[in-house]
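Novice: how would this look folded up:
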Amino acid sequence: MNSTVVANGSELVIVELSPTEWRVSDCSIEEGNPSAILGFICQIGTFFEVVRLDRWRERTYFSSFVRATETLAAGIRQPVLA
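Specialist: As a prediction, this is how the structure comes out:
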């Protein structure tokens, strides 16, 4: 499943890395730029684990793939200030 989707008004590129793993990137950042990568989604049983690169020590779990992608899309609009 390689696709461009709109989640919560943010354009995302979702690239299937394996049948249970996806990379999620921001379309507004030039392709090939590592800062475009927002995070990863991994299916574990019936749940989807989200790892956001701006909060790489945290793991969040969702019961739907759509909700997992929406969480990453929310990170586009709410940057973490260091």
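Novice: residue 24 is in contact with residue 69, isn't it?
Specialist: Yes: Residue 24 lies in contact with residue 69 (CB atoms under 8 Å); the separation is 6.2 Å. Every C-beta, even on glycine, is put in place using the N, C-alpha and C of the backbone.
Novice: how about the strands in this protein?
Specialist: In the chain, the strands defined using DSSP state E lie at 3-7, 10-18, 21-26, 37-44, 47-52, 60-62.
Novice: turn those strands into JSON lines, including distance to residue 74, mean pLDDT and mean neighbour count.
Specialist: Below are the strands of the chain laid out as JSON lines (distance: least, CB to CB, whole Å; pLDDT from 0 to 100; neighbours: other CB atoms under 10 Å):
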{"stretch": "strand 3-7", "distance to residue 74": "9", "mean pLDDT": "54", "mean neighbour count": "13"}
{"stretch": "strand 10-18", "distance to residue 74": "8", "mean pLDDT": "85", "mean neighbour count": "15"}
{"stretch": "strand 21-26", "distance to residue 74": "12", "mean pLDDT": "92", "mean neighbour count": "20"}
{"stretch": "strand 37-44", "distance to residue 74": "10", "mean pLDDT": "95", "mean neighbour count": "18"}
{"stretch": "strand 47-52", "distance to residue 74": "9", "mean pLDDT": "95", "mean neighbour count": "19"}
{"stretch": "strand 60-62", "distance to residue 74": "11", "mean pLDDT": "94", "mean neighbour count": "14"}
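Novice: do you know how far the residue nearest the centre of the chain is from residue 41?
Specialist: For the chain, the residue lying nearest the average C-alpha position, counting by CA atoms, centre = their mean, turns out to be residue 24 (3.7 Å). Residue 24 is 6 Å from residue 41, where distance means CB to CB, to the nearest Å.
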